[in-house]
Every structure is written in C-alpha cells, then in structure tokens.
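> Dropping a prediction and its sequence here:
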Amino acid sequence: MEIYNTEEQQAEAIKAWWKDNGKAIVLGAVLGLGGMFGWRAWNEHQHAQLEAGAVAYAGIVKSLAEQHDKAFPQAEAFIKQHAGSTYGDMAAMQLAAAAVKSGHLDVAAAQLQLVVDNSKNDALKPLAAVRLARVLGEQGKVPDALKLLESVKDKAYATMVAEARGDLYLQQGDRAKAYAAYQDAADKAEGAVNPELQMKLDELTPLPAATEEKTNA
C-alpha cells in the first residue's frame, strides 16, 4: 500500500484548509495578543521564534535525510522540546516518514498518533490521521485504520480519505468496495484527479457484460 500520497496532494489539502480558516486564525491571534504586546512587539517576537524554530527544524529534516534511523533520537528530543508547536508536529511527521522508509512502522505509528492526539494545528492533524491509517493498514490493523479515517471530517481532506479507504479495502481483497471508494475520491476531487488515483480506477473498472462474456468464452 502507498503509505503517503503525493506531496502535491498534501500541499493542496493544506492550502484548501488555510483558504477557509486562515483569515480567522490570524485575526484571532492579532486580537488576542495585540493588547498584551502591541502589534509590532508581537510581530517581532513571532518572527524571532519562527526563525529559530525553522533553523532547528531544518536541521532535523537534514539529519533524518542523511542519517536515517541514527537520527531518530535527535528528532525525538526535538519533538519533545517543541511539543504542542507546529514545528514539533512537523518534525513528528518527518520522523514518521523516515521510520516508514526504514521499516520501523511502530515508530511511525507512535509519532503520528502524537500529532493526532495532541496537535493544535487543524491543517496537520487530519493529514497525520490519514497517514496513520495507512501505517495501521501496513501493520494489518485494517479495521482500526478504517475507523480512524471516519474521524477525519475536514472536507479539504475528503479526496485523500476516500482514496486511502479504497486502498484499505483493496488490501482486504474487496475490489467492489475499493472501486466505490476510489470513485468517491474522484468525485470529491471535482475534476482534479491525480494520475495514481486514475490508474487505480482504471485497473478496477468493471468490464461491460458483453466484453466479460466474450473473455470467458
């Protein structure tokens, strides 16, 4: 099973969520913190924090890419230090991706579960849930994976959820349910069907009755 969808799909999902919710979040932050720090002070503080976090996070990503599982302890320490922050969540997801590539599905599941359970970032949380469902599927825990997908309600991830559901059904050998899920994903994509999903649909498209009879003859 493909555990991670394409980066383009993930980026589009996050963009869609931000389009619907981003303005309200920024406005709320400004109103809530403006009286305490003043806009300029708050902005400077946030910029400094983001810059420092970005540098440290980039170091974690580089270490995972170059050292693989040897960098896991360093990544875990960063995640613990930045628990509850977006950088901590992103590092957990990077560690999970590296763990999948290294065959450590238990590590990947644990990190993704942390994001699902504790993240305050409404764009990353559903993405982590979909990825966790795929990891659970690889671990043979398909019922748990399907149940987890049901918890992802954000419409921005509807296509991704439906495609993941199709992959899980296919893993169970239920081609009919898999095809229906893939078709649901295509319908939710509203014309922006990715090539991989289209390939899955084509492979499972039922043969017309006449063609099927001719094939069996």
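That came through fine. Residues are numbered from 1 along each chain as shown.

> Sticking with the residue most central in space within the chain, tell me its helix or strand.
With distances taken as C-alpha atoms, centre = their mean, the chain has residue 127 as the residue nearest its mean C-alpha position (2.6 Å). Assigned by DSSP states H and E, residue 127 belongs to helix 124-138.

> helix or strand right after that helix?
Helix 124-138 is succeeded, C-terminally, by helix 142-150 (DSSP H and E).

> What residues of that following helix count as buried?
By neighbour count on 16 or more other C-beta atoms under 10 Å, the buried set for helix 142-150 is 142, 145, 146, 148, 149. Where C-beta positions appear, they are placed from N, C-alpha and C, glycine not excepted.

> so what secondary structure elements neighbour it?
The helices and strands touching helix 142-150, judged by 3 or more C-beta pairs under 8 Å, 6 or more residues apart in numbering; DSSP states H and E, are helix 124-138, helix 158-171.

> Put together TSV for those, with mean pLDDT and distance to residue 102 on each row.
Listed next are the helices and strands packed on helix 142-150 as TSV, based on pLDDT from 0 to 100; distance: least, C-beta to C-beta, whole Å:
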stretch	mean pLDDT	distance to residue 102
helix 124-138	95	13
helix 158-171	96	21
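
> Now those helices in CSV, please, with extra columns for distance to residue 186.
Formatted as CSV, those follow (distance: least, C-beta to C-beta, whole Å):
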stretch, distance to residue 186
helix 124-138, 17
helix 158-171, 8
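
> looking at those helices, which is closest to residue 103?
Each of the helices and strands packed on helix 142-150 was scored for nearness to residue 103 using C-beta to C-beta, and the closest is helix 124-138 (10.0 Å).

> so how far is the closest one from its chain's centroid?
6 Å (C-alpha atoms, centre = their mean, to the nearest Å).

> got it, and stretch 95-109?
Mean-position distance between stretch 95-109 and its chain equals 14 Å (C-alpha atoms, centre = their mean).

> try stretch 77-88
With C-alpha atoms, centre = their mean, you get 18 Å for stretch 77-88.

> For that stretch, give the distance from the opening residue to the closing one.
In stretch 77-88, first residue to last residue: 10 Å (C-alpha to C-alpha, to the nearest Å).

> Same question for stretch 145-155.
End residues of stretch 145-155 are separated by 19 Å (C-alpha to C-alpha).

> Check the average confidence over it, would you?
Confidence over stretch 145-155 (mean pLDDT, whole number) is 95.

> still on that earlier bit, tell me the angle the helix holding residue 127 makes with helix 142-150.
Counting by axes from the mean of the first three to the mean of the last three C-alpha atoms, to 10 degrees, helix 124-138 lies at 160 degrees to helix 142-150.

> Now helix 124-138: buried residues?
124-138.

> any low-confidence regions in this protein?
For the chain, the stretches with pLDDT under 70 are 1-53, 207-217.

> For it, just list every one of the helices.
7-37, 39-67, 72-81, 86-101, 105-118, 124-138, 142-150, 158-171, 175-189, 195-204, 209-216 (DSSP state H).

> In CSV: the buried residues of helix 142-150, plus distance to residue 202.
Listed next are these as CSV, based on distance: C-beta to C-beta, whole Å:
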residue, distance to residue 202
142, 24
145, 24
146, 24
148, 28
149, 23
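
> What separation is there between residue 76 and residue 167?
Distance, residue 76 to residue 167, using C-beta to C-beta, to the nearest Å: 29 Å.

> Looking at these two, which one has more neighbours?
More crowded of residue 76 and residue 167, by other C-beta atoms under 10 Å: residue 167, with 22 against 17.
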